[in-house]
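A.B. asks: Mind looking at a prediction? Sequence and model below.
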Amino acid sequence: MTVHKGRGFAAINYPIGMNLGGDPSQALVHSNPDGKFMVSLSSIDLGQGMKSVTRQIAAETLGVPVEDVYVDTADSDTGPHCMGSFASRGTHRVGNAVIEAAKEARAVMLEAAAEELEVNAADLVTDGRGNIHVRGAPSRSITTGEAAMAAQFKQGRTVSGRGIFLIPLSEVSPETGEMTPVSCFAHAAMIVDVEVDDETGEVTVAKINSAYEVGRALNPRLVEQQLVGGAWMGLSHALYETTEPYYPDRAHGPTDFNTYLMPGPGDIAPHDIAILERPAPDGPYGGKGPGEMCANPVLPAVANAVFDAVGVRVRELPITPEKVLRGIRENGGVRPSRRAASGGW
Amino acid sequence: MAQKPIRFTHNGAERAVFVEEGANLLDVLRRGVGDLTPKYGCGQGTCGACTVIVDGAPRLSCLTLAETVDGGRVDTVAGLAEGNRLSALQEAFMSHFAAQCGYCTDGMLMSATALLKDNPRPTREEVVEAISGNLCRCTGYEAIIEAILTAAGSGGARRAG
């Protein structure tokens, strides 16, 4: 038995969102009399952090503390329309809609404040701590709560805003088939080091090194969390998860978590991530979306690393021990790359 | 079906409930007591989402006959915080972003709570072993392991490599 080391590389361009007839998301923002803001969405936070990120985006745009913003999600009866949480589109599409809605609400808030302070709304600025004051004259000030209260009880205004972000349907050129389905790409590169046991066919991932370009990382900890967890899922797709093959037939296939394999906490590989921030011109504060791309490069990188280690090119996922052993046998033995054979990794 | 009265201590409070013969503890906690922190995941003891602590030891409540906790003590996530003060583990889970969808979190917290009670300074390997019966689909486990090590004061340092 020999354990062969190998290294694989993969790089991806990942489109943010999709375009199958136009890709819109909407947001509504309004303030309560106490100056706290509600962002109404029907977009869904399924753990990826949509609520945290849209809350940050709304607070930044409104110019109020993040604690003063609430986000209500996931009800398509009460929230404005959203295409959904998929295609890594949430931050980009919903975030842009929130900016538009928050800008409109901010403008009303400043008009209300201007009326109270008897100044021009264009001369007002927010300090991000709940105060609105005249530019250059911090003492001429009113709190966002007082402005909201005045708007609703004295001036009869709704401090509210509507936003929609739409990537319109891209027509296909009848001449060339050319179209522009997406406006924004994220990028990643990954190096995976594996060890392949030529007796059992088992592949162990020893180390992952990756670099992700995600626009601006609007919430760096959430981005890192997404990338670490997503790489785990990619590893699971690459090496473990399958309902096939089972013997002698499908009836003996997995029925529950006992027999559907995924890596456990003892099977994870150390993962070093470099996050490169190149703000996207059309992204909310430059953000793209690290969603699905966090799993994608793992699969080709693992496949390439296995090829490097033992010379077996597995073309159907997952790369099970059986497939590795069959490949080694078909090749008449292990055929590591020259670099791997010389212990170069 | 016959019903049987049982009594147990639930997060420090006395509870008396009637349970169906053969009812599992998870159902009794969720439907009888109204404690929704133990989660129903697989219902057959493989995912760990329903983990609670019975008489000091972690148990899969979906596989535990409710009658067997009669006279005993059951602790769940609902009892971890004291008023508004979260436990050190809960704080560490938050600061390490150790949850995404959160469905496994309550079970993870109970497995980890039981571990730290018996072994206040666990090694990374002991933490991994303690949560190996708790499946997580989102986080890749790393943040959870680091959170538990941090709560234990064992240092949240990433492993070398």
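C.D. replies: That came through, no problem. Numbering: from 1, shown residues only, chains lettered A, B, ... in the order given.

A.B. asks: Break down the stretch 1-150 of chain A into its strands, ranges please.
C.D. replies: Per DSSP state E, counting those that start in this stretch, the stretch 1-150 of chain A has strands spanning A:3-15, A:23-31, A:37-40, A:69-72, A:124-126, A:131-134, A:137-143. These are given in chain order.

A.B. asks: Out of these, which is closest to chain B?
C.D. replies: Closest of those to chain B is strand A:3-15, at 14.1 Å (criterion: CB to the nearest CB). Every C-beta, even on glycine, is put in place using the N, C-alpha and C of the backbone.

A.B. asks: What residues of the closest one count as buried?
C.D. replies: For strand A:3-15, the buried set under the neighbour-count rule, 16 or more other CB atoms under 10 Å in any protein chain shown, comprises A:His4, A:Lys5, A:Gly6, A:Arg7, A:Gly8, A:Ala10, A:Ile12, A:Tyr14, A:Pro15.

A.B. asks: Ok, stretch B:108-126 next?
C.D. replies: By neighbour count on 16+ other CB under 10 Å, the buried set for stretch B:108-126 is B:Met108, B:Leu109, B:Met110, B:Ser111, B:Ala112, B:Thr113, B:Ala114, B:Leu115, B:Leu116, B:Pro122, B:Arg124, B:Glu126.

A.B. asks: Need the contact partners of it.
C.D. replies: Residues outside stretch B:108-126 that contact it (CB atoms under 8 Å, 6 or more residues apart in numbering or on different chains) are B:38, B:48, B:51-53, B:56-58, B:75-77, B:80, B:87, B:89-90, B:93, B:98, B:127, B:130-131, B:133-134, B:136, B:144-145, B:148-149, B:151-154, B:159.

A.B. asks: quick check: domain ranges of chain B?
C.D. replies: Domain segmentation of chain B under automatic domain parsing yields B:3-79, B:88-151.

A.B. asks: Check chain A for its longest helix and report it.
C.D. replies: helix A:95-117 (DSSP state H).

A.B. asks: now swap in chain B and tell me
C.D. replies: Using DSSP H, we find that the single longest helix of chain B is helix B:105-118.

A.B. asks: Leaving out sequence neighbours, find the closest residue to the residue positioned nearest the centre of chain B.
C.D. replies: Nearest residue to the geometric centre of chain B (CA atoms, centre = their mean): B:Met110, 2.4 Å. The spatial neighbour of B:Met110 that comes closest, neighbours along the chain excluded (CB to CB, 6 or more residues apart in numbering or on different chains), is B:Thr51 at 4.4 Å.

A.B. asks: and the gap between the residue nearest to the centre of chain B and A:Pro80?
C.D. replies: Shown here: B:Met110 relative to A:Pro80, a distance of 39 Å by CB to CB, to the nearest Å.

A.B. asks: Enumerate the residues of the stretch 201-345 of chain A near chain B.
C.D. replies: By CB under 8 Å from any CB of the partner chain, the part of the stretch 201-345 of chain A that sits against chain B consists of A:206-207, A:221-222, A:224-226, A:228-233, A:256-258, A:262, A:264-266, A:268, A:270-271.

A.B. asks: Can I have the buried ones of these as a PyMOL selection?
C.D. replies: In PyMOL syntax, the buried subset of those is picked out as below (16+ other CB under 10 Å):
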select buried, chain A and resi 206+222+224+225+226+228+229+230+231+232+233+257+262+264+265+268+271
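
A.B. asks: In strands, which of the residues of the stretch 201-345 of chain A next to chain B fall?
C.D. replies: A:Ala206, A:Lys207, A:His271 (DSSP state E).

A.B. asks: between the residues you listed, which is nearest A:Thr61?
C.D. replies: Nearest to A:Thr61 among those is A:His271, at 33.4 Å by CB to CB.
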